[in-house]
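Asks: Got a predicted structure plus its sequence, pasted below:
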Amino acid sequence: MSTFERGWAVTRTPPSLDIDAMLDDPGTRIIVCCGSGGVGKTTTAAALGLRAAERGRSVVVLTVDPAKRLAQAMGLTELDNTPRRVDGCDLDGVGREGGELHAMMLDMKRTFDEIIEAHADPERARQILTNPFYQSLSSSFSGTQEYMAMEKLGQLRRSGDWDLIVVDTPPSRSALDFLDAPERLGRFLDGRLIRILMAPAKVGGRSAFKLLNAGFGMVAGILTKVLGAQVLKDIQMFVSALDAVFGGFRQRAEQTYRLLQAPGTAFLVVAAPERDAMREASYFVERLAEEGMPLAGLVVNRVHRTPAASLSAARSCAAAEDLESNGEHALTAAVLRLHARRMQLAAREEREQEHFTSVHPTVPVTRVPAMPEDVHDLAGLRQIGQLLSSNGANSVSRSA
Amino acid sequence: MGTRDAQDTDWEGVRLHVVSGKGGTGKTTVAAALALALAAGGRKVLLVEVEGRQGIAQIFDLPPLPYEERKIAVAPDGGDVYALAIDPEAAMLDYLEMFYGMKRMGKALTRIGVVDFATTIAPGLRDVLVTGKTSEAVRRRDPRTGTRVYDAVVMDAPPTGRIVRFLNVTQEIAGLARVGPIRHHADLVRGVLTSPETAVHFVTLLEEMPVQETLDGIAELRETKLPVGGIFINMVRPAGLPDAALEAAFQGRFDTAELAAGLKAAGLAERTGDAGPLAEALTKEIAEHARRVELENQERETLASVGTPRYDLPLLPDGADLAGLYELAEALRAQGAA
């Protein structure tokens, strides 16, 4: 498109995102919901899972950190790292059979432990699992949650038990940590540091530093000085014990990464119609393109609409002023003031979305109106699913 | 607005304000407004960012901030806000230089991946570097006068779900390193974070999930003996209607006929002279509004049960732009938060 044309496209309408086509396509095997914190990723993932199941797919929803009541809505009362069947789905809703919904909450420590147990001999596994460094890493490493979410996704996919996996990504400090964490781990594993750290353990004792060249020896000296000898020893034990497991780690991380690039994967970027969230959404769209990850579209949650959109903010304000200066119909004036504010908010949200669409004109969009209450049950999730698939239509009376 | 005695504020003696909140609640905006409010009247405040998102630069409409303390805004009645985006790698090199005099060594360490290891792989080290740099700014004194360089430091902290782990990380490190220099450093940082000079504030909206997270976060802080600050209720919309009208709308018996008459009087009737359809649509809008106000009141009561100071920040119709920040800062001062 030429810049000339773009200049004229003041109120551009993005292509509509066809959620049902995506859910019904048997080729869609993985849906990844990503976006900044607080935009409703988990709710969106759960609603998509329910809708897909009720349209005949066998679905598992992998959530990372659901709000309590949402977890309860899906029957998840404990974090046990195993998919549980969700009861109460309306599986004949559209006359299709075979639908099923399972849901699970990620337990990152247990996922990590299981990998160690599966890939190291029992003695080595014991060494790793009891190492203080490992215990801390497996429950708090800034990328562990992201890494384990991807690991679990790979496991679910390899199990072949479901024909659709819907995953919601962790609320990361930087939004695409789930893509970056495996690479970061890889960079560390390929680095020279790991060889320095492992050298003494291999030869048996800190004196082995002497065997290394002067540069390495100096580094080891600094590490001892800064970290303290005990910490360094713990790290060395940990790293050398993990050595055997690491190869498998990287390989599977790469497999999962390729899985995400495969045509059966659909990324949904989730946002709210606010500046920060839309900016983050733009960033996601660009990063996904860079990584060759297939983007299905953008979900804009919490869009404010009004049943009286024909009355503009300006006219509403002017009318309120008239009434106020005449000192009559005070209540009507107050209603008009409220309406004007609502219209202003809607206009601002519209601008944020238009800005996104003018930068990414081909990205399909669906919108979900703001609801006064959070979702607490399957009926609520079902309603969100309907709104997602109809681009928020037939819902004006329910918006808030 | 005259100069006010600092004694009037709720947080007298607090020099480190940690601002957390669920994603999407406007944590960075509130941290920035609080920094402006604290600087008002000729004080010097440092606003610190710890997650590498460059949110402060975006809010103040500036190019990305470097790892360097620089003045970014002037507060009402004089006073300066400085900002610092803490980069864990740079903080680590700082740390090596400050405590071990090893500046050049930093480059070698970076090259072989030690810095990578410390800032991304090693559990908690990244956080201790960031909290360490922040508490260094809190404690820093002017070498000539011996007075503190900053009157207050405001940290735009990680979101509620991670805040306790983030602040408690010194303890986690202490668990790993029972003795030695890192332990010593961690103890120093923890001393600042648990002292009465620190307050951990939460930003929330009047919605179920952020309110629940706020309650959970406060309970967790209390358990770990970290100092609980105030609750900042963001994006508050005025009720806009008298209670009786809200009540009627909530119960579905709002007087639509009366509204239609008002609309007619205001010249908003259709050409046919009928204001009925518009009145119907607006009645629907008001009913939703009333339902929302009712839910917000419930959330407000829940927050009141916590027993810590609460502050209201109005929803800015045009979003949180620079002018909006000053408006929010004013609201915070008026309510005694700064």
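Replies: That came through fine.
Asks: pLDDT value on the residue lying closest to A:R252 once chain neighbours are set aside, please?
Replies: Counting by CB to CB, 6 or more residues apart in numbering or on different chains, A:R252 lies nearest to A:G154, which is 5.9 Å off, once chain neighbours are set aside. The C-beta positions use only the backbone N, C-alpha and C, and glycine is treated the same way. At A:G154, the pLDDT value in this model is 88.
Asks: Could you tell me how far A:G154 is located from A:R84?
Replies: Using CB to CB, to the nearest Å, one gets 20 Å for the distance from A:G154 to A:R84.
Asks: now the strands: where do they sit in the stretch 201-338 of chain B?
Replies: Counting by DSSP state E, counting those that start in this stretch, one finds strands in the stretch 201-338 of chain B at the ranges B:228-236, B:310-314.
Asks: wait, I meant chain A
Replies: Using DSSP state E, the strands of chain A run over A:30-34, A:58-63, A:84-85, A:100-105, A:164-168, A:265-271, A:295-303, A:365-369.
Asks: Compare the ones you listed and give me the one nearest A:E349.
Replies: Using CB to CB as the measure, strand A:295-303 is the one of the strands of chain A that comes nearest A:E349, at 6.1 Å.
Asks: Any stretches of the stretch 1-150 of chain B with poor pLDDT?
Replies: For the stretch 1-150 of chain B, applying pLDDT under 70 flags the ranges B:1-7, B:102-103, B:117-124.
Asks: For burial, what's the neighbour tally of the closest residue to chain A within it?
Replies: Here the residue of the stretch 1-150 of chain B nearest chain A is B:G23; by CB to the nearest CB that distance is 2.1 Å. By other CB atoms under 10 Å in any protein chain shown, the residues close to B:G23 number 22.
Asks: Which helix in chain A has the most residues?
Replies: Longest helix of chain A, by residue count under DSSP state H: helix A:229-261.
Asks: thinking again about what came up before, backbone dihedrals for the residue of the stretch 1-150 of chain B closest to chain A, both of them.
Replies: Per-residue torsions, B:G23: phi -50, psi 140 (degrees, to the nearest 10).
Asks: For it, which non-adjacent residue is closest in space?
Replies: That would be A:G37: by CB to CB, 6+ apart, it lies 2.1 Å from B:G23.
Asks: Could you measure from the residue nearest to A:R252 over to A:A52?
Replies: A:G154 sits 20 Å away from A:A52, going by CB to CB.
Asks: Looking at the two, which is more packed in?
Replies: Comparing A:G154 with A:A52 by other CB under 10 Å, the one with more neighbours is A:A52, at 27 against 17.
Asks: May I have the residues that are in contact with the closest residue to that one other than its chain neighbours?
Replies: Nearest non-adjacent residue to A:A52, counting by CB to CB, 6+ apart: A:L23, 4.3 Å away. Counting by CB atoms under 8 Å, 6 or more residues apart in numbering or on different chains, A:L23 makes contact with A:L48, A:R51, A:A52, A:R55, A:R57, A:L164, A:S389.
Asks: run the last query once more with 7 Å
Replies: Residues in contact with A:L23 (CB atoms under 7 Å, 6 or more residues apart in numbering or on different chains) are A:L48, A:R51, A:A52, A:R55, A:R57.
Asks: For chain B, state which of those residues is nearest.
Replies: Set against chain B, the nearest of the contacts of A:L23 by CB to the nearest CB is A:L48 (19.0 Å).
Asks: give me every residue that touches the closest one.
Replies: Contacts of A:L48 (CB under 7 Å, 6+ apart): A:L23, A:I31, A:V166, A:G385, A:L388.
Asks: Would you mind measuring from the spatially closest residue to A:W162 that is not a sequence neighbour to A:L23?
Replies: Among residues not flanking A:W162 along the chain, A:V60 sits closest, at 4.5 Å (CB to CB, 6+ apart). A:V60 sits 14 Å away from A:L23, going by CB to CB.
Asks: what are the ranges of the helices in the stretch 251-400 of chain A?
Replies: Assigned by DSSP state H, counting those that start in this stretch, the stretch 251-400 of chain A shows helices spanning A:275-290, A:313-326, A:330-359, A:378-389.
Asks: Please identify the buried residues of the longest one?
Replies: Buried residues in helix A:330-359, counted by 16 or more other CB atoms under 10 Å in any protein chain shown: A:331-346, A:348-349, A:352-354, A:356-357.
Asks: Same check on the last one?
Replies: The neighbour-count check on helix A:378-389 (16+ other CB under 10 Å) flags A:L378, A:G380, A:L381, A:R382, A:Q383, A:I384, A:G385, A:Q386, A:L387, A:L388, A:S389 as buried.
Asks: Next: the second one.
Replies: Along helix A:313-326, these residues count as buried under the neighbour rule (16+ other CB under 10 Å): A:A313, A:R315, A:S316, A:C317, A:A318, A:A319, A:A320, A:D322, A:L323, A:E324.
Asks: Endpoints of stretch A:221-235, how far apart?
Replies: Start-to-end span of stretch A:221-235 (CA to CA, to the nearest Å) is 15 Å.
Asks: Next, report how far it is displaced from the centre of its chain.
Replies: Centroid displacement of stretch A:221-235 relative to its chain, using CA atoms, centre = their mean, to the nearest Å, is 37 Å.
Asks: and it, average pLDDT?
Replies: Regarding stretch A:221-235, the rounded mean pLDDT is 73.
Asks: same check, this time on stretch B:262-275
Replies: The predicted model assigns stretch B:262-275 a mean pLDDT of 90.
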